[in-house]
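Asks: Predicted structure and sequence below. I'll ask about it afterward.
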Amino acid sequence: MEKIVDLRSDTVTKPSLAMREIMAKAEVGDDVYGEDPTVRQLEEMAAAIMGKEAGLFVVSGTMGNQVALLAHTSRGDEIILEANAHIYTYEVGALAVLGGLLPKLIEGNKGKISPEQLKKAIRPLNIHFPQTTLLCLENTSNFGGGTVISVEEMDQLTDVAHGYGLKVHLDGARIFNAAVYLGVPVRELVKGVDSVMFCLAKGLGAPVGSVLVGSKEFIEKARKYRKMLGGGLRQSGILAAAGIYALENNIKRLAYDHLLARKLAEGLAELPGLYIDLDTVQTNILMVDIVREDLNSTQLVDILKDEGVLSSAISEKRVRFVTHRDVGDKDIDYTLQVMSKIMMAK
Ligand SMILES: *Cc1c(COP(=O)(O)O)cnc(C)c1O
């Protein structure tokens, strides 16, 4: 097999030579002592971009989300999430194990909940009830298919939540994809939320890391929880340098990732046996449903793999493709060619 087109996730991106060079030269110190200047620079830069007071470098999106939950809530609180939220479905049950939290799930539309649904989900004060203290949003929505929540929709949801005394955490693993899609500065999109986690190691192309931002007081608490979870790092400026490079150089490229996803979606939508809701193809994630009896997602993923194209089986009939900076136009052409051969056969 000469070439592999890896469309499983944007996490598979590898650091470029230029990024590695910057990493090698990074000035470092012991970050647990607060002495790594490069980590501090990344945290300040992230806070400024997001329009928040402070930032915290964490090793993964999962760690960022979970320290945020710990810092915002108390054990036994109820938190509101969309039913397919990454924090609920894909973080090993940490909200229950680590936070002692109860999830209240709302079935959204393409990863989005409405202000009315939110209002209904918030518990009134009653001695019998757990207290609802946090709303978690996800933008873009991974399992919604990379779908975007607009500035207006974000504002409406955060207004309702704050009106009832809830805090709002944004799982913004791909918030830059959302901002690029909407053509708005990212700080505008997150202005109403109390905290944001975003990933450096997805479409932005860094090898490791996410950043959590919020108020000074919140980040101080989160820093302590990060240490508790074993996330107190030492000369992590090596990693933070890649994050700084990613924020300075790799945001623009996301628009092209979106273009490639769109091209793939439109090509696949023409093939028999597949269904794609083109309205959901807004950013770099593409969900494809198989609509024939004799093929399921794991079979399709295996056949594609034999042809050098990697994808993910999300459910029995659903396959996910994700575009990113390590795939190009020719790779999409090749994927379309292979998919056409598979779907036209039989
Ligand atoms: C990838 C992802 C995360 C967590 O990322 P890890 O770094 O893999 O822990 C969180 N939320 C969403 C929506 C994601 O897509």
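Replies: Yep, it's here.

Asks: For the ligand, what is the nearest residue in this protein?
Replies: Of all residues in the chain, residue 61 sits closest to the ligand, at 2.5 Å by CB to the nearest ligand atom. In short, each C-beta sits where N, CA and C put it, glycine included.

Asks: So for that residue, what's the pLDDT?
Replies: Predicted confidence (pLDDT) for residue 61: 98.

Asks: Please apply the same query to residue 345.
Replies: Here, the pLDDT recorded for residue 345 equals 86.

Asks: Number the chain from 36, please
Replies: Okay, using 36 as the starting number, the last item reads as residue 380.

Asks: Can you get me a residue count around it?
Replies: 7 (other CB atoms under 10 Å).

Asks: quick one: the residue of the chain closest to the ligand and residue 208 touch, right?
Replies: Yes: at 4.9 Å, residue 96 counts as touching residue 208 under the criterion of CB atoms under 8 Å.

Asks: what sits in contact with each of the two?
Replies: In terms of CB atoms under 8 Å, 6 or more residues apart in numbering, residue 96 and residue 208 are both contacted by the residues 121, 232, 234, 245.

Asks: Quote the end-to-end distance of stretch 236-249.
Replies: End-to-end span of stretch 236-249 (CA to CA, to the nearest Å): 20 Å.

Asks: buried sites along it?
Replies: For stretch 236-249, burial by neighbour count (16 or more other CB atoms under 10 Å) applies to 236-249.

Asks: does residue 374 belong to a helix or a strand, and which?
Replies: For residue 374, the element it lies in under DSSP states H and E is helix 364-379.

Asks: And that helix, what's buried?
Replies: Of the residues in helix 364-379, 366, 367, 369, 370, 371, 373, 374, 377, 378 count as buried by neighbour count, 16+ other CB under 10 Å.

Asks: For the nearest residue to the fourth one once chain neighbours are set aside, list the residues it contacts.
Replies: With CB to CB, 6 or more residues apart in numbering as the criterion, residue 370 has its nearest non-adjacent residue at 5.2 Å, and that residue is residue 344. For residue 344, the contacting residues are 39, 40, 42, 369, 370, 373, 374, by CB under 8 Å, 6+ apart.

Asks: quick one, domains of this protein?
Replies: Following automatic domain parsing, one gets these domains for the chain: 52-283, 288-379.

Asks: Point out the most buried one among the ones you listed.
Replies: Greatest average neighbour count among the domains of the chain goes to domain 52-283 (a mean of 20), per mean count of other CB atoms under 10 Å.

Asks: measure it end to end?
Replies: 15 Å.

Asks: so where do the helices sit in the stretch 136-285 of the chain?
Replies: All helices of the stretch 136-285 of the chain, identified by DSSP state H, counting those that start in this stretch, fall at 150-156, 186-198, 210-217, 221-224, 251-263, 272-284.

Asks: And the nearest residue to residue 254 once chain neighbours are set aside, how far from residue 244?
Replies: Nearest residue to residue 254, sequence neighbours excluded (CB to CB, 6+ apart): residue 89, at 3.9 Å. Here the distance between residue 89 and residue 244 works out to 17 Å (CB to CB, to the nearest Å).

Asks: which stretches of the stretch 36-185 of the chain form strands?
Replies: Using DSSP state E, counting those that start in this stretch, the strands found in the stretch 36-185 of the chain span residues 40-41, 89-93, 113-117, 137-141, 167-173.

Asks: quick one on the thing from earlier: from the shared contacts of residue 96 and residue 208, which ones fall inside strands?
Replies: Residues of the shared contacts of residue 96 and residue 208 located in strands (DSSP state E): 232, 234, 245.

Asks: near the ligand too, which of these?
Replies: Among these, the residues that sit close to the ligand (CB under 6 Å from any ligand atom) are 234, 245.

Asks: Turn the ones in strands among the shared contacts of residue 96 and residue 208 into JSON lines, columns for distance to residue 218 and pLDDT.
Replies: Putting these into JSON lines (distance: CB to CB, whole Å; pLDDT from 0 to 100) gives the following:
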{"residue": "232", "distance to residue 218": "23", "pLDDT": "98"}
{"residue": "234", "distance to residue 218": "21", "pLDDT": "98"}
{"residue": "245", "distance to residue 218": "24", "pLDDT": "98"}
